[in-house]
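Undergrad: Build me a model:
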Amino acid sequence: MNFLEKYMRLNIKQFIITLPLITTLSFLPNLASAKSDNFEGNRIAVVDSQKMVEESKAFKSIKEQVNKKSESFKKEATNKEKELKKKFNELESNKRKLSKEAFDQESEKFSREAENFQKKGYEERMKIEKAYADAMSQVEKTINEIIQRKAKQDNYSLVLFKLSTVYSNENLDITASILTELDKALPKVEVKFSK
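TA: Numbers count the residues shown, from 1 in each chain. A predicted model of the protein is given here:
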């Protein structure tokens, strides 16, 4: 597993972990203004954010686009790395044939090229990560809007993410309806990679 794949999994985990907190916080004002101090008669719902991420069409489209871009970048980087190794080996084999000044000049030229390769690789990874984060932000925003609309429509006083609960009755789970609405509202997300 390469660095980018590990980082993408980390980002997905961060998204899944922070989404419950963000959504819960967005409902706190509604909860604070609830008329009943004992919460009796108020309705609660639970949403499985991990299931939504794994099964939504939007996330699948994001993942597919990011993987395609990552594979393209990986292939390009591998080719450039092979080219640099070849140049390095040529430089080492010509070390005895060149004067010290000529060798130092060629070494400096090679070092600059290798540094530029590393810099470009870093910049490309950052572009992919930013595009991924922007696309996931769009999904998160849509999920929050759907949950809030569903909460108002069905008179839920509180909607929690399953990850932030120790136990919840399966009857409280509204994930399927949220997922259906998400797939209708956002069947595909275009991941915008900057050039």
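
Undergrad: Which SSE is immediately downstream of the one helix or strand residue 146 maps to?
TA: Using DSSP states H and E, residue 146 falls within helix 100-153. Of the helices and strands lying after helix 100-153 in sequence (DSSP H and E), the nearest is strand 156-161.

Undergrad: ok, that next one: who's next to it in the sheet?
TA: The strands beside strand 156-161 in its sheet (DSSP bridges) come out as strand 43-47 (parallel).

Undergrad: buried ones in the partner strand?
TA: 45-47 (16 or more other CB atoms under 10 Å). C-betas here are computed from N, CA, C, even on glycine.

Undergrad: Tell me where the protein is predicted with low confidence.
TA: 1-40 (pLDDT under 70).

Undergrad: how about 50 then?
TA: Flagging of the chain using pLDDT under 50 yields the residue ranges 3-4, 7, 21, 25, 28, 31-37.

Undergrad: Could you export the buried residues of strand 43-47 to a markdown table, including columns for distance to residue 61?
TA: Output for the buried residues of strand 43-47, formatted as a markdown table (distance: CB to CB, whole Å):
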| residue | distance to residue 61 |
| --- | --- |
| 45 | 26 |
| 46 | 26 |
| 47 | 21 |
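
Undergrad: angle of the helix holding residue 146 against strand 156-161?
TA: Counting by axes from the mean of the first three to the mean of the last three CA atoms, to 10 degrees, helix 100-153 lies at 150 degrees to strand 156-161.

Undergrad: about what we covered before: what is the nearest of the buried residues of strand 43-47 to residue 165?
TA: Using CB to CB, residue 46 comes nearest to residue 165 of the buried residues of strand 43-47, at 6.3 Å.

Undergrad: and that closest one, what are its bridge partners?
TA: Beta bridges link residue 46 to residue 160, residue 173, judged by DSSP bridges.

Undergrad: Surely it and residue 161 touch.
TA: Yes. Using CB atoms under 8 Å, residue 46 is in contact with residue 161, at 7.4 Å.

Undergrad: buried sites along the helix or strand encompassing residue 54?
TA: Following DSSP H and E, one finds residue 54 within helix 49-55. Neighbour counts over helix 49-55 (16+ other CB under 10 Å) mark 49-50, 52-53 as buried.

Undergrad: ok, now stretch 121-141?
TA: Quick answer for stretch 121-141 (16+ other CB under 10 Å): 121, 124-125, 127-128, 131-132, 135-136, 138-140.

Undergrad: same deal with stretch 150-157?
TA: 150-151, 156-157.

Undergrad: May I see these arranged in CSV, with distance to residue 72 as well?
TA: Formatted as CSV, these follow (distance: CB to CB, whole Å):
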residue, distance to residue 72
150, 38
151, 41
156, 44
157, 48
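
Undergrad: Return the closest of the residues you listed with respect to residue 79.
TA: residue 150 (48.9 Å).

Undergrad: so how far is residue 57 from the closest one?
TA: Counting by CB to CB, to the nearest Å, the separation of residue 150 from residue 57 is 18 Å.
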